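1. Here is the input, now give the coordinates:
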Amino acid sequence: MSFDRDLGVPGVFRICFVCTGNICRSPMAEAVFNELIRKRGWEHLVSVRSAGTGEWHVGESSDPRTLAALRDRGYEGEVHRARQFESRWFTDLDLIIAFDRTHERILKTWAPDDDARSKVHLLMSFDPAHNEAQLDVPDPYYSDAAMFDTVLGMIERACTALFRQLEPGIRQGAP
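-> Numbers count the residues shown, from 1 in each chain. Here you go, the predicted model:
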């Protein structure tokens with residue numbers, strides 16, 4: 001389901017995962033969350049996108065190590081193209097998920113008002129197993145394939161917990 005096609009359509013919950021360059025962490029979360037939605041048959045109820053705070057990789061596909069980690073766990077990530085978050089999206093998004101406190105700070109700075117700022121949350125805050133010292137999902141970009149796998153595991157756990165929190169509200173919108 002295309003996020004762009006759903007902007008302004010009532011009844012669709014819109015979520016955006018935001019990391020630095022939109023080639024590692026946020027595409028992983030987008031793929032994981034889309035799979036959770038697909039398994040429930042709720043593609044018409046939830047729209048997911050990802051973006052980066054920076055513009056360095058706009059138009060590029062995900063990092064090859066991201067694609068390998070996703071593929072190894074059965075996720076689709078090949079069609080992704082990086083984009084930069086646009087502040088005009090705050091109006092149409094219901095939830096904006098940041099991967100570390102730097103992203104959170106940047107997004108809240110870009111937010112036009114308190115309502116928009118209240119939409120920004122750290123992904124790990126949804127994982128009941130997290131501790132306050134580990135609220136950031138590490139950036140695997142300068143690391144090896146094993147770190148990409150570790151980061152994907154963190155993202156899977158947190159996305160599953162987030163999905164469970166959102167599920168009752170989404171279910172209410174299901175036919």
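
2. what does stretch 118-133 contact?
-> Stretch 118-133 has contacts (CB atoms under 8 Å, 6 or more residues apart in numbering) with 17, 29, 90, 93-101, 104, 107-108, 111, 134-137, 154-155, 157-159, 161-162, 165. Using the backbone N, CA and C atoms, a C-beta is placed for each residue, glycine as well.

3. Mind checking which of those are in strands?
-> 17, 95, 96, 97, 98 (DSSP state E).

4. With distance to residue 125, neighbour count and pLDDT as extra columns, can I get those in JSON lines?
-> Formatted as JSON lines, these follow (distance: CB to CB, whole Å; neighbours: other CB atoms under 10 Å; pLDDT from 0 to 100):
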{"residue": "17", "distance to residue 125": "14", "neighbour count": "30", "pLDDT": "98"}
{"residue": "95", "distance to residue 125": "12", "neighbour count": "16", "pLDDT": "98"}
{"residue": "96", "distance to residue 125": "13", "neighbour count": "26", "pLDDT": "98"}
{"residue": "97", "distance to residue 125": "9", "neighbour count": "30", "pLDDT": "98"}
{"residue": "98", "distance to residue 125": "10", "neighbour count": "29", "pLDDT": "98"}
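
5. Pick out the most distant pair among those residues.
-> 95 and 98 (10.7 Å; CB to CB).

6. Can you verify residue 48 is assigned to a strand?
-> Yes - assessed with DSSP: H, G, I helix; E, B strand; the rest coil, residue 48 lies in a strand.

7. now it: how far from residue 18?
-> Distance of residue 48 to residue 18, computed by CB to CB, to the nearest Å: 12 Å.

8. Confirm for me that residue 49 is in contact with residue 30.
-> Yes - here residue 49 reaches residue 30: they are 6.7 Å apart, a contact under CB atoms under 8 Å.

9. Give me the common contacts of the two.
-> residue 17.

10. and residue 74, how many neighbours does it have?
-> 8 (other CB atoms under 10 Å).

11. what sits against the closest residue to it other than its chain neighbours?
-> For residue 74, ignoring the flanking residues on the chain, the nearest one in space by CB to CB, 6 or more residues apart in numbering is residue 35 at 8.0 Å. By CB under 8 Å, 6+ apart, the residues touching residue 35 are 74, 75, 76.
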